[in-house]
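Engineer: Need coordinates for the following:
(chains A, B, C and D)
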Number of protein chains: 2
Amino acid sequence: MRSYEQVCFVARALDVLGERWTLLIVRELTLGPRRYSDLLTSLPGMGTSLLATRLKHLEKHDVLRRTTTPGPGRVAAYELTERGEQLLPVLAGLAQWGAGLDDPPPGYTNHAAWPMVAMRLTAPEQAADFNTLTELTIGDETLWLHGDGKQVRTGTGPAPLPPGLRLTSDTNTFHALAKGRLTVADAVASQRLDVAGELHTARLFFQLFRLPDGQPPKA
Amino acid sequence: MRSYEQVCFVARALDVLGERWTLLIVRELTLGPRRYSDLLTSLPGMGTSLLATRLKHLEKHDVLRRTTTPGPGRVAAYELTERGEQLLPVLAGLAQWGAGLDDPPPGYTNHAAWPMVAMRLTAPEQAADFNTLTELTIGDETLWLHGDGKQVRTGTGPAPLPPGLRLTSDTNTFHALAKGRLTVADAVASQRLDVAGELHTARLFFQLFRLPDGQPPKA
DNA sequence: CGGCATCCGTGACGATACTG
DNA sequence: CAGTATCGTCACGGATGCCG
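Structural biologist: Numbering: from 1, shown residues only, chains lettered A, B, ... in the order given. Just a heads-up that it's a prediction; the model follows:
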C-alpha cells in the first residue's frame, strides 16, 4: 500500500481508496451488506487473497465493518460504516462522469445490481419521495428499495416487508428500461417484464431512476 | 491499462481514471494549464516515463489536451478539456472525504497549490461571489483566483490583471490560515502574512475558502 | 462456506540514464 | 525542457491448499 505522502486531502483520500478494486468494493456495499463470497462473484477477476487484504485495509480505515447477520445462519458479512456511506458522493460523481463515456464493448460482464447502484447514485433529490417499497428481481438477484422522504434506502435479498411493487425481469431488459430505451408498456407486452402492483408506479420508478444515456431514447 | 470489463458507470470511469497518479494529474490541472516539468515536480515520486504514458492516456480519453501557450515562449502545456472539468465533483468528493482523516504524519511533502485546490473544491456556493481578483504568492508559487458570480476561476502564475488583493506567505502559514488555526490579524502581526489590499477582504477570503479541520481552531 | 497463506507468471510502477 | 529507453522491483491475477 504505497502512499503518495502528500499533505493534500485528495491525495490522502486516494491513499486509502486509490488502489485497484477498492472503490468497487465500496460500490458493492452501497446496496447493503454483502458476504465474502458475494463480493468475490461480484468482482470477477479479483483474487480471493487480494479481496481479503482489501477488506482488512478498508476495515482498518473505518470504511466498512465486519458483522454477523442477525439471522439464524449467523453468517459473516461486510457493511459500510458511516464514514463509508460518506463516499456516496464520490461514487455518484464517478457514475455521472462514466455515464458520458461511449457504450462499452461487447463482452463486458453485467450484473443485476450494477445498473441499480448507478440509478440510485445519479437519481435526483426527489427520488427520496418514492415511498413505495419495491422489490426487484433481476436475473437471479433480488433487491429492494424504498424512499423514506430523506433518502433512498436499499438492501439485498427479498424486501423486509411485503412490497407495494414487485418488478421481475432479466438483466438486459432492466438495463434497457433504466436507460429509457424500452418502455414499461412494451416490456410488459413482450413479457420481458413482470409487474406486480400498479403499472403507473412502475412507470414512475423508471422515470425517477432513469440512467443517463448517450444514445437517443429511440426515434 | 487493465480494464475491469464491467458494464457499470463507476467501473468504466475507473477504467479511465483509476490508475495510480491519474486523478492527481487532474488535480494539478484544476488550477490551470501546467507544463510537463511542472507536473513532474508537483508529483514527487512519479517517474517521467509514467507521466508521459498517463498524459497520452488522458488525452486519448478526452480528459486533457496538449496545447502550446500563446505567449512568446510557445511552450507546451496541458490543460483540462470540458470533460476533464466535469471531474471537479469527483475531486471535491474525495477532498471532502479526505478532510475527515487524521492529520498526516510528519514528513509528507506539502506544495503551495494543494491547499488552494482543496479550498476551491470544498468552498460553498457563495464563494463564486468573491469577485475580488486575488493574487496569492505562497512560498515560491504564484496563483490567482476570482469569483465571477457563477463559479470560481483560477490560474497559475501572476494575475492577468492588476489584482484587488495580494496575499503573500509561506506554505505552512497559508495552511494554518486556511484551516482557521491562525487568524489574519495574528499572521500579519507576526509578519508571516503580507496583505496588499483591504484587510477585511483578506479576512473574507479565508472565511469563504476555509478548509475543514478535524482539530479545534485553538482553545 | 469464510478466510488466509503460498507459489509463480505477468505487468505496472519507480529511478536513472539518455536524446532531440 | 520535453520527453524516450532501460531495468530492477513490487503489486496484481490465478491456482492451489489449509484450516475454521
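
Engineer: longest single helix anywhere in chain A?
Structural biologist: helix A:48-60 (DSSP state H).

Engineer: That one and chain B, are they touching?
Structural biologist: No. Helix A:48-60 stays clear of chain B (CB under 8 Å from any CB of the partner chain), getting no nearer than 12.4 Å. Placement of C-beta: from N, CA and C, glycine included.

Engineer: which residues are in contact with the helix or strand just after that helix?
Structural biologist: Per DSSP states H and E, helix A:48-60 leads on to strand A:64-68 as the next helix or strand towards the C-terminus. For strand A:64-68, the surrounding residues in contact (CB atoms under 8 Å, 6 or more residues apart in numbering or on different chains) are A:25-26, A:29, A:33, A:55, A:58-59, A:74-81, A:84.

Engineer: Now do strand A:64-68 and helix A:48-60, the angle between them.
Structural biologist: Calculated by axes from the mean of the first three to the mean of the last three CA atoms, to 10 degrees, strand A:64-68 forms an angle of 100 degrees with helix A:48-60.

Engineer: quick one: least confident of the contacts of strand A:64-68?
Structural biologist: The weakest per-residue confidence within the contacts of strand A:64-68 falls on residue A:74 (68).

Engineer: just to revisit the earlier point, with just CA atoms, put the longest helix of chain A into PDB.
Structural biologist: Output in PDB follows, covering the C-alpha atoms of helix A:48-60 (Å, rounded to 0.1, in the frame of the first residue of the first chain):
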ATOM      1  CA  THR A  48      -9.600 -14.200  -3.200                       C
ATOM      2  CA  SER A  49      -6.400 -13.300  -1.400                       C
ATOM      3  CA  LEU A  50      -6.500  -9.700  -2.600                       C
ATOM      4  CA  LEU A  51     -10.100  -9.400  -1.500                       C
ATOM      5  CA  ALA A  52      -9.200 -10.400   2.000                       C
ATOM      6  CA  THR A  53      -6.300  -7.900   2.000                       C
ATOM      7  CA  ARG A  54      -8.600  -5.100   0.800                       C
ATOM      8  CA  LEU A  55     -11.300  -5.800   3.300                       C
ATOM      9  CA  LYS A  56      -8.900  -5.700   6.200                       C
ATOM     10  CA  HIS A  57      -7.400  -2.500   4.800                       C
ATOM     11  CA  LEU A  58     -10.900  -0.800   4.500                       C
ATOM     12  CA  GLU A  59     -11.900  -2.100   7.900                       C
ATOM     13  CA  LYS A  60      -8.800  -0.500   9.400                       C
END
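
Engineer: what does that helix contact?
Structural biologist: A:1, A:16, A:19, A:21-22, A:25-26, A:36, A:39-40, A:43, A:64-66, A:78, A:84.

Engineer: Quick check: the farthest pair among the residues you listed?
Structural biologist: A:16 and A:40 (21.8 Å; CB to CB).

Engineer: so who does residue A:39 touch?
Structural biologist: With CB under 8 Å, 6+ apart, residue A:39 has these contacts: A:25, A:28, A:51, A:55, A:78.

Engineer: Is DNA strand D within reach of the helix or strand hosting it?
Structural biologist: Assigned by DSSP H and E, residue A:39 belongs to helix A:36-42. No. Helix A:36-42 lies apart from DNA strand D when judged by CB under 7 Å from any atom of the strand; the minimum separation is 10.3 Å.

Engineer: what comes up buried for that helix?
Structural biologist: By neighbour count on 16 or more other CB atoms under 10 Å in any protein chain shown, the buried set for helix A:36-42 is A:38-39, A:42.

Engineer: Include distance to residue A:146 and pLDDT when you put the residues you listed into JSON lines, please.
Structural biologist: Converted to JSON lines, these look like this (distance: CB to CB, whole Å; pLDDT from 0 to 100):
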{"residue": "A:38", "distance to residue A:146": "21", "pLDDT": "91"}
{"residue": "A:39", "distance to residue A:146": "24", "pLDDT": "94"}
{"residue": "A:42", "distance to residue A:146": "22", "pLDDT": "93"}
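
Engineer: how close does the residue lying closest to residue A:9 once chain neighbours are set aside sit to residue B:92?
Structural biologist: Distances taken as CB to CB, 6 or more residues apart in numbering or on different chains place residue B:98 nearest to residue A:9, at 3.5 Å, with adjacent residues excluded. With distances taken as CB to CB, to the nearest Å, residue B:98 is found 11 Å from residue B:92.

Engineer: Could you do residue A:151 as well?
Structural biologist: Using CB to CB, residue A:151 is found at 20 Å from residue B:92.

Engineer: Residue A:201 now?
Structural biologist: Counting by CB to CB, the gap from residue A:201 to residue B:92 is 35 Å.

Engineer: out of these two, which sits in the more crowded spot?
Structural biologist: residue B:92 (21 against 15; other CB atoms under 10 Å in any protein chain shown).

Engineer: Wasn't that one part of a strand?
Structural biologist: No. Residue B:92: not assigned to a strand; according to DSSP: H, G, I helix; E, B strand; the rest coil it is helix.

Engineer: Shouldn't residue A:78 be within a strand?
Structural biologist: Yes. According to three-state DSSP, residue A:78 belongs to a strand.

Engineer: For it, which residues are in contact?
Structural biologist: So, once contact is read as CB under 8 Å, 6+ apart, residue A:78 ends up touching A:29, A:33-36, A:39, A:55, A:64-67.

Engineer: Look up which residues are beta-bridged to it.
Structural biologist: residue A:34, residue A:66 (DSSP bridges).

Engineer: Quick check: it vs residue A:63, distance?
Structural biologist: Look at residue A:78 and residue A:63: by CB to CB, they are 10 Å apart.

Engineer: Which residue ranges of chain A form helices?
Structural biologist: With DSSP H, the ranges of helices along chain A come out as A:9-17, A:22-29, A:36-42, A:48-60, A:82-85, A:88-98, A:113-122, A:171-178, A:184-189, A:199-208.

Engineer: Briefly note if the second one comes near DNA strand D.
Structural biologist: Okay, so that is helix A:22-29. No. Using CB under 7 Å from any atom of the strand, we find that helix A:22-29 stays clear of DNA strand D, coming within 8.2 Å at best.

Engineer: Tell me if that helix is near chain B.
Structural biologist: Yes. Interface with chain B: helix A:22-29 contributes A:23-24, A:27 (CB under 8 Å from any CB).

Engineer: re earlier: would you mind checking the contacts of helix A:48-60 for buried ones?
Structural biologist: A:16, A:19, A:21-22, A:25-26, A:39, A:43, A:64-65, A:78, A:84.
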